[in-house]
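[1] Got a sequence here, can you build the structure:
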Amino acid sequence: MSPREIIPATAVLPVHMAQALTGESPFWDSARGVLWWIDIQGQRLLGFAPTTGERTEHRLPLMPGFVVGRTGGGLALGLEDGIYAFDPTSGVGDRLVSVEDDKPGNRLNDGKPDGRGRLWFGTMDKTGNGAPVGALYRFAPDRELHTERQEVRIPNAIAYMPDGSAMLFSDSRTATVEIADYDLTTGERGRSRPFVQYGNGEHPDGVCVDAEGGVWIAVVGGSRIERRLPDGSLDLIVDLPISRPTMPMLGGSDGRTLFVTSQRRFLPTAALAGEPLSGNLLAVRTNFQMGPAYLAEM
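    So this is what the prediction gives:
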C-alpha cells in the first residue's frame, strides 16, 4: 500500500549531536520545555530545549532503558536494576522500584505510563543477543509490580491510543507491532493481535501515538518513520538520513515537531561514514498534534 504522503529526508534536521551508541526513549517535558532522551550503552541522560537551543548531558551509574515524567514532578529513569528518581538539578535519587534483582544479566528497556499513571515497561538481556529472558511489567500506583508477559526478547513499542482503549507493544525480534484492547480503569490488557508486521531484515522499535490515533513507528533497517492509521493501514512516511531510527516522539512548544532518536551501535565503520547523523537526535515539522502526555504516578 502506498502512503498518502512522503516527507523527504532533506526536511529532517539534526538538533542534538550527541553521538549516542543507542539513542532512545524521547520524552517531551512540557513543564520544562525539554526533550529528554537517553544513550543506553553510553549511560547518559540527554536534554534538548528547542526554544533556547540548550543541550545538557547527565552521566548515569548504570545503563538506562527509558525516561518518563512523574506526577509529583521530576523524572523517573529505568536503569538496569530498577526505576530511580531523577532531578535535573541534583541527579539520580532513590531507587523507587527494584526489578529482577535475581537476574543481574538483564536490564530495563522501554517504558511508558498510561492515562492513570501506571507504568508499563520491559526487561531484556543486557547484551542484546535476543535470548528470551525478559518480561513485560506493569507497575501500579498501589506500588504493586505485576508480571504481564514472560519470555520476552526485546520489549519495545509501548504506547496507548488517545482514549485509552488499546495498548501497543512489540517484542522486536518478532518484527511485529501488536495491539490489544485495554481497560484504563483496571489496567488489564486483552489478547494481542497483529497491528503491522515487517520483513526483509526490517523490524519495529519505538512508537508514539498522535492526538488523532495515528501510530508513528521507527523502522530499524528501513531508514524511515511510518505513520499508520488506527486500523494499521499506512498513511505517511518520513524518510530519514539514517538506517537505524529507534523511537519517534511528537513534542515542542506546539506539539507538532517529530523528534527521532537513533543508533550508531551495530553499524560498521563504512556504514557510519555514509550515515554521519546516526546516534543523534533528529527533528522534522509535521501537521499532527502530539497525543496526551501521561506521567507516572510514583
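[2] What distance do you get for A211 to D163?
    Separation of A211 from D163 (Cβ to Cβ, to the nearest Å) stands at 11 Å. (Glycine included, C-beta is placed from N, CA and C.)
[3] And what about the spatially closest residue to P292 that is not a sequence neighbour, helix, strand or coil?
    The shortest distance from P292 to any non-neighbouring residue, by Cβ to Cβ, 6 or more residues apart in numbering, is to P162 (5.9 Å). When the structure is reduced to helix, strand and coil (DSSP: H, G, I helix; E, B strand; the rest coil), P162 reads as coil.
[4] Quick check, V209 in contact with A159.
    Yes: under the contact definition of Cβ atoms under 8 Å, V209 touches A159, with a separation of 5.0 Å.
[5] When the two are compared, which one has more neighbours?
    Ranked by neighbour count (other Cβ atoms under 10 Å), V209 and A159 place A159 first, with 26 against 21.
[6] that's a strand at that one, yeah?
    Yes: the assignment for A159 (three-state DSSP) places it in a strand.
[7] isn't it right up against D114?
    No: counting by Cβ under 8 Å, A159 sits too far from D114 to count as a contact (9.6 Å).
[8] Now do the shared contacts for the two.
    Shared contacts of A159 and D114, defined by Cβ atoms under 8 Å, 6 or more residues apart in numbering, comprise M167.
[9] can you pull the contacts of the nearest residue to D101 once chain neighbours are set aside?
    The spatially closest residue to D101, leaving aside those adjacent along the chain, is D81, at 6.5 Å (Cβ to Cβ, 6+ apart). Shown in contact with D81 (Cβ under 8 Å, 6+ apart): L62, R95, S98, V99, E100, D101, P104, R107.
[10] One more: G190?
    Taking Cβ under 8 Å, 6+ apart as the test, what G190 contacts is A180, D181, Y182, D183.
[11] Check what contacts whichever strand or helix holds W216 and list those residues.
    Element membership of W216 [criterion: DSSP states H and E] is strand 215-220. Applying Cβ under 8 Å, 6+ apart, the contact partners of strand 215-220 are 157, 159, 168, 172, 177, 195-196, 198, 202-210, 225-230, 243-248, 250, 258, 260, 263.
[12] Apply 7 Å and report the result again.
    168, 177, 198, 202-210, 225-228, 244-248, 258, 260 (Cβ atoms under 7 Å, 6 or more residues apart in numbering).
[13] Could I get the average pLDDT for it?
    For strand 215-220, the mean per-residue pLDDT is 98.
[14] what's downstream of that strand, the next helix or strand?
    Tracing the chain past strand 215-220, the next element assigned as helix or strand by DSSP H and E is strand 224-228.
[15] in that following strand, what's buried?
    Judged by neighbour count (16 or more other Cβ atoms under 10 Å), strand 224-228 contains these buried residues: R224, I225, E226, R227, R228.
[16] again with stretch 124-137
    Of the residues in stretch 124-137, those scored as buried under the neighbour-count criterion (16+ other Cβ under 10 Å) are M124, D125, K126, G128, V133, G134, A135, L136, Y137.
[17] do stretch 200-216 as well
    Taking 16+ other Cβ under 10 Å as the criterion, stretch 200-216 shows H203, P204, D205, G206, V207, C208, V209, D210, G213, G214, V215, W216 as buried.
[18] which of those sit farthest apart?
    By the measure Cβ to Cβ, the buried residues of stretch 200-216 have their two most distant members at H203 and G213, which lie 22.9 Å apart.
[19] Tell me the predicted confidence for G128.
    As summarised for this prediction, G128 has a pLDDT of 76.
[20] Tell me the secondary structure at it.
    Following three-state DSSP, G128 is assigned to coil.
[21] Leaving out chain neighbours, which residue sits closest to it?
    Counting by Cβ to Cβ, 6+ apart, G128 lies nearest to I154, which is 7.2 Å off, once chain neighbours are set aside.
[22] What segments of this protein are helices?
    Per DSSP state H, the chain carries helices over the ranges 269-274.
[23] in the lowest-mean-pLDDT helix or strand in it, what's buried?
    Of all the helices and strands that make up the chain, the one with the lowest confidence by mean pLDDT, DSSP states H and E is helix 269-274; it has a mean of 91. For helix 269-274, the neighbour count (16+ other Cβ under 10 Å) marks no residue as buried.
[24] So what touches that helix?
    Residues lying outside helix 269-274 but in contact with it, judged by Cβ under 7 Å, 6+ apart, are R264, S278.
[25] where in the chain is pLDDT low?
    Scanning the chain for pLDDT under 70 picks out the ranges 1.
[26] So which residue of it lies furthest out from the middle?
    Ranking residues of the chain by C-alpha distance from their mean position (Cα atoms, centre = their mean) puts A270 at the top, at 27.4 Å.
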